[in-house]
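Student: coords below, sequence missing:
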Ligand SMILES: Nc1ncnc2c1ncn2[C@@H]1O[C@H](COP(=O)(O)OP(=O)(O)OP(=O)(O)O)[C@@H](O)[C@H]1O
Ligand SMILES: [Mg+2]
């Protein structure tokens, strides 16, 4: 992984070559998460956001089956540290984000959000997943 520091923001990037590698990157990040941490995942359809969350949940010790919370906005994975998995794909534009109950979720554990682009003002670790080809993704972190 390469890191760079510019001003007050730090970034790092890595290229994964399979879903398993993206999952492993999520599992590694899990080891650094604390209650109250917010992870915002950005990237297009099929970029690997849910795959990354699968690794996060596994790394946090959850054995839950991770899939996109298509019909629920939030899914909760219990573990030593609770992980709330939020997917904003179906959020109506202009819908009240207060209704998400993000603050309460952050009090209860860590929170990961798919389509974090839709929370531009939220402060958290932003992970951008960029498809390079069928099996390759570039992951960039900024915090
Ligand atoms: N290096 C890679 N990392 C992650 N996924 C990969 C990679 N290479 C191929 N894939 C495939 O890309 C797809 C990623 O799907 P996933 O559901 O994780 O994406 P997503 O960003 O959550 O999509 P959506 O926007 O629909 O929620 C899977 O089919 C996975 O097998
Ligand atoms: Mg998804």
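Tutor: Ah, there it is. Remember, it's a predicted structure, so these values are computed and weren't measured experimentally. Ligands and ions are numbered 1, 2, ... in the order given.
Student: Setting aside sequence neighbours, what's the nearest residue to the residue of the chain found nearest ligand 2?
Tutor: Taking CB to the ion as the measure, the chain has residue 50 as its residue closest to ligand 2, at 3.4 Å. C-beta here means a position set from N, CA and C on the backbone, and glycine is covered the same way. Leaving out its chain neighbours, the residue that sits closest to residue 50 by CB to CB, 6 or more residues apart in numbering is residue 68, at 5.0 Å.
Student: my read: the one you found touches residue 48, true?
Tutor: No. Counting by CB atoms under 8 Å, residue 68 sits too far from residue 48 to count as a contact (11.8 Å).
Student: those strands in this structure, which residues are they?
Tutor: 2-6, 9-16, 38-42, 74-77, 82-87, 109-114, 125-133, 136-142 (DSSP state E).
Student: Relative to residue 23, which of those strands is closest?
Tutor: strand 9-16 (8.8 Å; CB to CB).
Student: Give me every residue in the chain lying close to ligand 1.
Tutor: Proximity of the chain to ligand 1 (CB under 6 Å from any ligand atom) is limited to residues 16-19, 21-22, 43, 45-51, 68, 114, 135-137.
Student: What count of nearby residues applies to the closest residue to residue 139 other than its chain neighbours?
Tutor: Computed as CB to CB, 6+ apart, the closest residue to residue 139 that is not its neighbour in sequence is residue 14, at 5.2 Å. By other CB atoms under 10 Å, the residues close to residue 14 number 15.
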